[in-house]
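Novice: sequence unknown, structure follows:
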């Protein structure tokens, strides 16, 4: 079998029927990483024990043990997830040598399901960025065009998956960080409902917005991975007690009678013509498949970007306070200084340890939460956030799934926007409101720009309605004009 | 209370450590005697990615304390983050409650110098403790065992007017939380710490003066001394025409004075906001009803009942209710003895003296309440005399044996048979014919005591002294 392009189910079947050993699979993908990743910079570190872990799985299989629903599937994990014994830097110098003594719940669940972790994937520092240019480990390149960004912040995951260096990856999405890079790299990315997936062990950026999700090659693989990582976790009190549906088994490409909402606000903006065309094609396709198209409106999404940046920066300023050089991670060198006070200690350590974008957001957040400004910024942002959610719930009374672009344009050139933070923030215009409302969202590849860059379609559903969203995604995938297209790098 | 024409206005914040087995947001042990950093986990040292999960016991204990202090219990309270940097604060913020605390608007009543005083409780909120920095020359070591220890901060209104009231307020809070069994009240181990806000104003002035905070006092005696010093210091300053600076001060018990720690200018902006990692704390009607039913009778009510139903003097009632375990001991003893005052007397004199000299807690008393009760009953039914009882008590204390066993082993049964006593008396009188004659003729006075002593001696102390008296008097007529 062609391991490179195999789906997760195919790999699991091959392992269970002993057509191929986990060790062989691991070796195959490890070799791909060694040969290809030099061009992409998607991996930050390789798991030195992967081969041994694969062998251990083969031994267990030989004894007749059940390895789990993802038996032998090689995974790459975004650096935001703590992995026991494997460096987890969150793309930051301040965690340069941090090796967690524990696994995040999501990683623990994947391991229990039989995956082999091949390594950790590059990302924007602390997931702050829309282009993967702010990482301490350097810029990640888009496998479709090495001069372009892969998107951020889960750019390493998107690039590694698109070039099939692994069979599955995990990303995190705070304001679009799974969906936007998935769109830029032509893969499937799913951000589940807030509370579906445990955040325990995921390095926090903005706690009320962060959510983990799969970045994989197909809707089915996404559903399968999602089933493994979802569900209540006693270590995260914000996780839901709801049971996890059998999304992958229930998956159907049938949208007959479904109502697809087109959001007025998303259609009126200035879209890149290739994106515009992709959205139109997707709508036509769904119509032909029997779906009803309805117009919906969430007027408050106009404020989603500023509200998102106020909320995210505020929470981040607090979440990142623990990186102070006292207990772990980077500490500024004070050897040649005789007397230092605490403020100098924190100032130097944090000043040298954090990158520019992270510092910018910490300062913005600190300002928003400070006395005298709290009501005008953080509190007000919270109120608008509530209105956005209410308007979404209203909209979902008239449709099952909302369809929209993921971004205004395909992947841009490396360096093109990095010096203009505001332009960069506006990248997230279509994705942030989903996080603010806690809704599930996904990106499915459906188009290609004239320049040969992938374009995704965003689907959003009401809370805990992942099945509807995945079904529409599955339908689009089955009819996608870009199905089977792969980046040049492979 | 007036000091040189000034009045003190005092408010106190008491950090009560809730005696849960595990920390407030994770499963680390809260045991006091653990080795350095032994009671830690990724959560309590704030490792990246870790999340807090609230300890249900801490909520239960907070609600119970709130109910005992007559507070309104907020049905939906919120955990907030208090952001500041300090090496012993692992996350860079402390999880606390801010504008929506779990308990509000309570009050507590106690007596100072015989006068009843009521102090309002503004609020009581839950929070986690920080770690501890230990400075060794150039180095600072940090122990995170305390990090995440559950605290309930009880904040009084500015109702306290004297150092004595402040100390008594503190003792009353301590007594209540110990009654509730939600805090061990051990001040040396840091289970309770006080911050005192003190200001002075001319008697009758409508406005409060500028307040000064004295932080982290770990004894109620020091609370009293620190406030005393602070009142004098502030009045001196005002009289010199100086302005009181709003600041935080510390109490130095060795020098018997407070000193400045930081002024308001370098005060923190804590940037409070709701902790997004924690859901609101919901307290249901059912929980409140359940906890209310589980509340023990509180010391003031119990002392009142002892006075009214047991006819105990106020002093007895107060002493016996200082600790719940002591009051329980008394009630069980009295129930067995069927004699309130005698039970109170034996506990307040003999038992407490023995406990104190052995440095023992009432719970560890070798004499159990039922045993003491039965011993008192033995006195009341005439089996042993009060004097014998002291020997019986001592033996019970030493050996832990039942009173009946001690009486039997030592042959301490009192002779209360009038015939037997008459026989003893007759013998004594026969052996002392001259003295009898002297007594009857009035030649020598005060010989009655001599006869009693002789009879008691002849009975080896076992004769019932009342009967001896009675029969002797008749015989010597």
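Specialist: Arrived safely. None of the values given here were measured: they were computed from a predicted structure.
Novice: For the stretch 301-450 of chain A, list the residues in contact with chain B, please.
Specialist: Neighbours of chain B within the stretch 301-450 of chain A, by Cβ under 8 Å from any Cβ of the partner chain: A:314-315, A:317-318, A:320-324, A:326-328, A:342, A:346, A:366, A:369-371, A:374, A:378. (Each C-beta comes from the backbone N, C-alpha and C, glycine too.)
Novice: filter those to the buried ones?
Specialist: Buried residues within those, counting neighbours by 16 or more other Cβ atoms under 10 Å in any protein chain shown: A:314-315, A:317-318, A:320-324, A:326, A:328, A:346, A:366, A:369-370, A:374, A:378.
Novice: Among the residues you listed, which ones are in helices?
Specialist: Members of these lying in helices (criterion: DSSP state H): A:314-315, A:317-318, A:346, A:366, A:369.
Novice: Among these, pick out the one closest to chain B, please.
Specialist: Nearest to chain B out of those is residue A:369 (Cβ to the nearest Cβ; 3.8 Å).
Novice: is it true that the closest one touches residue A:317?
Specialist: Yes - the pair residue A:369 and residue A:317 passes the contact test of Cβ atoms under 8 Å, sitting 6.6 Å apart.
Novice: shared neighbours, those two?
Specialist: With contacts defined as Cβ atoms under 8 Å, 6 or more residues apart in numbering or on different chains, the residues shared by residue A:369 and residue A:317 are B:83, B:271.
Novice: Next, format the ones in helices among the buried ones among the residues of the stretch 301-450 of chain A next to chain B as a markdown table and append pLDDT.
Specialist: Converted to a markdown table, those look like this (pLDDT from 0 to 100):
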| residue | pLDDT |
| --- | --- |
| A:314 | 98 |
| A:315 | 98 |
| A:317 | 98 |
| A:318 | 98 |
| A:346 | 94 |
| A:366 | 97 |
| A:369 | 97 |
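Novice: Report how many residues lie close to the closest residue in space to residue B:437 that isn't next to it in sequence.
Specialist: Once flanking residues are discounted, residue B:437 sits nearest to residue B:443: 7.6 Å by Cβ to Cβ, 6 or more residues apart in numbering or on different chains. Other residues near residue B:443 come to 11 when the count uses other Cβ atoms under 10 Å in any protein chain shown.
Novice: Distance check, residue B:443 against chain A.
Specialist: Relative to chain A, residue B:443 is positioned 95 Å away (Cβ to the nearest Cβ, to the nearest Å).
Novice: same deal with residue B:324?
Specialist: Distance from residue B:324 to chain A, by Cβ to the nearest Cβ: 34 Å.
Novice: what sits against that residue?
Specialist: So residue B:324 contacts B:178-179, B:181, B:296, B:299 (Cβ under 8 Å, 6+ apart).
Novice: run the last query once more with 7 Å
Specialist: By Cβ atoms under 7 Å, 6 or more residues apart in numbering or on different chains, the contact list for residue B:324 reads B:178-179, B:296.
Novice: in what helix or strand does residue A:349 lie?
Specialist: Following DSSP states H and E, one finds residue A:349 within helix A:342-353.
Novice: ok, which stretches of the stretch 251-400 of chain A are helices?
Specialist: Ranges of helices in the stretch 251-400 of chain A, per DSSP state H, counting those that start in this stretch, are A:264-267, A:273-288, A:304-319, A:342-353, A:356-369, A:380-395.
Novice: just the stretch 1-150 of chain B next, same as before
Specialist: Using DSSP H, counting those that start in this stretch, helices in the stretch 1-150 of chain B cover B:56-68.
Novice: Could you list the contact residues of it toward chain A?
Specialist: By the rule Cβ under 7 Å from any Cβ of the partner chain, the part of the stretch 1-150 of chain B lying against chain A is B:42, B:45-49, B:51, B:53-54, B:81, B:83, B:85, B:87, B:90-93.
Novice: do that again at 6 Å, thanks
Specialist: B:42, B:46, B:48-49, B:51, B:53, B:81, B:83, B:85, B:87, B:91-93 (Cβ under 6 Å from any Cβ of the partner chain).
Novice: quick one: residue A:263 from residue B:412, how far?
Specialist: Separation of residue A:263 from residue B:412 (Cβ to Cβ, to the nearest Å): 96 Å.
Novice: Tell me which of the two has more neighbours.
Specialist: Neighbour count, other Cβ under 10 Å: between residue A:263 and residue B:412, residue A:263 has more, with 24 against 21.
Novice: Could you give the bridge partners of the more buried one?
Specialist: Beta-bridge partners recorded for residue A:263 (DSSP bridges): residue A:296.
Novice: got it, and residue A:172?
Specialist: Residues in beta-bridge contact with residue A:172 (DSSP bridges): residue A:212.
Novice: and it, what is it in contact with?
Specialist: With contacts defined as Cβ atoms under 6 Å, 6 or more residues apart in numbering or on different chains, residue A:172 is in contact with A:80, A:127, A:210, A:212.
Novice: of the residues you listed, closest to chain B?
Specialist: residue A:80 (8.1 Å).
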